[in-house]
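> pasting the sequence and the predicted model now:
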Amino acid sequence: MAAQLYSNTQLAQALYEVLQELVGDGKVPEELAVATLDQLDQSILSALKNEIPAKSEVKGNLDTYKYYDNVWQFTLSNVAFKLNASGTGSLKKAPEVTCGKAKIVCVDIKLAPQ
């Protein structure tokens with residue numbers, strides 16, 4: 001699991017489709033395609049860890065929660081998200097985005113590729 005934290009994202013799925021096509025056309029060796037997919041999680045994690053200073057706030061009604069293999073899953077309803085992209089200052093004036101339902105998955109950092 002450690003090597004596939006972000007494999008269900010739209011970005012990862014799009015990359016997979018493009019790599020499949022390139023391998024099928026003989027333009028990229030299969031080994032390179034596999035290495036590229038393996039690098040994806042490490043690159044996303046590194047960018048989130050080192051390049052994103054944002055602060056956020058999530059409020060909502062907790063419908064369900066699960067904990068399995070160091071992974072928390074929360075299902076919320078009537079959710080409000082606030083994001084301060086600069087990472088400094090208060091969230092009071094930050095724009096708020098609302099939605100009816102949201103699922104949040106939290107993974108123990110120890111599971112992430114180093």
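Nice, I can see it. The model shown is predicted, which means the values in this text are computed figures rather than measured ones.

> for Lys110, which non-adjacent residue is spatially closest?
Of all residues beyond its chain neighbours, the one nearest Lys110 is Asn70 (7.0 Å), with distances taken as CB to CB, 6 or more residues apart in numbering. Every residue, glycine included, has its C-beta placed from N, CA and C.

> what do you get for Ala102?
Take Ala102 and drop its neighbours on the chain: the residue closest to it by CB to CB, 6+ apart is Val79, 4.4 Å away.

> which outside residues touch the strand or helix carrying the one you found?
Val79 belongs to strand 71-84 when assigned by DSSP states H and E. Applying CB atoms under 8 Å, 6 or more residues apart in numbering, the contact partners of strand 71-84 are 1, 54-67, 90-91, 94-108, 111.

> filter those residues down to the ones in strands?
Judged by DSSP state E, the subset of those located in strands is 55-67, 96-107.

> now these: which count as buried?
The neighbour count (16 or more other CB atoms under 10 Å) marks Gly60, Ala102, Val107 as buried among the ones in strands among the contacts of strand 71-84.
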